[in-house]
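Student: Next one to model:
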Amino acid sequence: MINFVSPKSGKSLIKRGDQLVTDSGESFPVINGIPRFVTPDNYANAFGLQWKNFAKTQLDSFSGTNITQERLERCLGFPIEQLKGKEVLEVGSGAGRFTELLVKGGAEVQTNDLSVAVEVNLENIGKVSNYSICQANVYELPFAKGSFDIVVCLGVIQHTPNTEKTIAALFDMVKPGGLLVIDHYIWRINYYFNPATYYRLVLKELKPQTSKKIVDAIVDFFFPMHWAFRNAPALNWLLKRVSPLITFINYFPQLDKQAQYEWAKLDTYDSLTDYYKRLRTPEQIKTTLEKIGAKNIWINQGGNGVEARAEKAKV
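Tutor: Numbering: from 1, shown residues only. From the prediction side, this is the model:
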């Protein structure tokens with residue numbers, strides 16, 4: 001397992017009581033068993049509340065599906081069993097929907113999130129020998145550069161302050177010959193004609209607890225109509241002109257009504273309260289990867305929008 005270093009100086013950290021410290025006096029707290037390299041209050045607060053409320057919703061082990069595993073394996077380009085023994089860094093892990101699969105595949109998993117979702121992640125994964133978690137910022141990760149065989153960042157980059165800077169920071173963590181696996185919201189003109197865009201302008205400025213109450217009420221109002229119109233394309237099209245809901249009724253028919261309702265609550269809250277929402281075309285993602293020297297670039301439109309993986313050249 002890769003050891004922590006100070007994200008400021010790069011010096012090795014050792015545990016001393018409830019602190020991680022360097023020999024030069026830097027220190028970072030360990031709270032509830034989790035090293036913390038960021039302040040508690042940051043732009044990811046809404047995501048922290050989100051995962052506290054939907055701790056298990058999207059976990060394959062909870063839903064009884066392989067929805068997440070199919071997405072992860074498509075992005076990786078191979079079955080999770082081939083992760084065994086690999087040093088893997090997962091950035092922006094939320095409640096652990098991908099984490100549990102990385103751990104299950106036998107990888108040596110270092111995972112982190114900017115928000116207090118790390119506490120939910122630890123509860124979901126538990127104390128296992130091939131898993132470690134911390135709370136950290138993608139721009140100041142507590143690891144030496146070039147340490148990981150695979151760096152995975154799914155469902156995250158579009159929510160960071162700068163897409164290109166984030167991809168570069170992730171790529172810095174990849175070993176020569178290693179793999180970067182990412183995705184990103186896709187640019188689309190109809191984003192500006194989606195009612196969710198304008199709900200978000202208001203909701204993202206509110207306190208997370210307030211915005212969640214409002215989103216819950218919106219979902220309770222619109223979801224019954226989405227469910228009733230699920231087999232009526234014309235009515236469903238009209239409904240989407242006014243409803244801001246994110247639903248998966250036609251994407252994941254294996255989920256029952258209650259699960260569809262929970263996924264709608266989760267992803268609608270995610271969509272309407274994220275502080276940053278970046279959009280990029282597949283060509284823009286490819287260009288960004290080329291500029292940082294990535295090789296053997298794979299680009300796909302699917303899942304979250306644009307999926308990509310790329311290798312770092314061997315020395």
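Student: all strands of the stretch 101-250 of the chain, in order?
Tutor: With DSSP state E, counting those that start in this stretch as the criterion, the stretch 101-250 of the chain has strands at 108-113, 131-135, 148-153, 174-184.
Student: So which of the ones you listed is the most surrounded?
Tutor: strand 108-113 (a mean of 27; mean count of other Cβ atoms under 10 Å). C-betas here are computed from N, CA, C, even on glycine.
Student: what residues does that strand touch?
Tutor: Outside strand 108-113, the residues that touch it by Cβ atoms under 8 Å, 6 or more residues apart in numbering are 1-2, 44, 47, 85-94, 96, 99, 102-103, 118, 121, 130-136, 141, 143, 148.
Student: Give me the buried subset of the residues you listed.
Tutor: 2, 44, 47, 86-94, 96, 99, 102-103, 118, 121, 130-136, 141, 143, 148 (16 or more other Cβ atoms under 10 Å).
Student: any idea how far the closest residue in space to residue 273 that isn't next to it in sequence lies from residue 32?
Tutor: Sequence neighbours aside, residue 46 is the residue nearest to residue 273 in space, at 4.3 Å (criterion: Cβ to Cβ, 6 or more residues apart in numbering). The gap separating residue 46 from residue 32 is 21 Å, by Cβ to Cβ, to the nearest Å.
Student: rewinding a little: is it possible to get a markdown table of the strands of the stretch 101-250 of the chain that adds mean pLDDT?
Tutor: Output for these, formatted as a markdown table (pLDDT from 0 to 100):
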| stretch | mean pLDDT |
| --- | --- |
| strand 108-113 | 98 |
| strand 131-135 | 97 |
| strand 148-153 | 98 |
| strand 174-184 | 98 |
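Student: Determine which of those strands approaches residue 308 most closely.
Tutor: strand 174-184 (5.3 Å; Cβ to Cβ).
Student: quick check, distance from that closest one to the centre of its chain.
Tutor: 15 Å (Cα atoms, centre = their mean, to the nearest Å).
Student: by how many degrees do that strand and strand 148-153 diverge?
Tutor: Angle, strand 174-184 to strand 148-153, by axes from the mean of the first three to the mean of the last three Cα atoms, to 10 degrees: 20 degrees.
Student: Direction included, what does strand 174-184 pair up with?
Tutor: Sheet pairing here is set by DSSP bridges, and for strand 174-184 it gives strand 148-153 (parallel), strand 305-312 (antiparallel).
Student: Could you report the distance from the closest residue to residue 315 other than its chain neighbours to residue 231?
Tutor: Leaving out its chain neighbours, the residue that sits closest to residue 315 by Cβ to Cβ, 6+ apart is residue 176, at 4.6 Å. Note on residue 176: its distance to residue 231, by Cβ to Cβ, is 52 Å.
Student: Now do the same contact list for residue 67.
Tutor: 58, 60, 252, 254.
Student: So what sits opposite residue 300 in the bridge?
Tutor: Legend: beta-bridge partners of residue 300 under DSSP bridges are residue 307.
Student: again with residue 36
Tutor: Where residue 36 sits in a bridge, its partners, by DSSP bridges, are residue 135.
Student: for it, what are its contacts?
Tutor: 28-30, 134-135.
Student: Check whether the residue nearest to residue 315 really touches residue 313, as I assumed.
Tutor: Yes: between residue 176 and residue 313 there is a contact under Cβ atoms under 8 Å: 6.5 Å.
Student: Show me the helices in the stretch 201-315 of the chain, by range?
Tutor: 208-228, 233-240, 257-273, 282-291 (DSSP state H, counting those that start in this stretch).
Student: could you check the angle helix 208-228 makes with the third one?
Tutor: In this case it means helix 257-273. 130 degrees.
Student: Looking at residue 46 and residue 32, which is more packed in?
Tutor: Between residue 46 and residue 32, residue 46 has the larger neighbour count (other Cβ atoms under 10 Å), namely 23 against 11.
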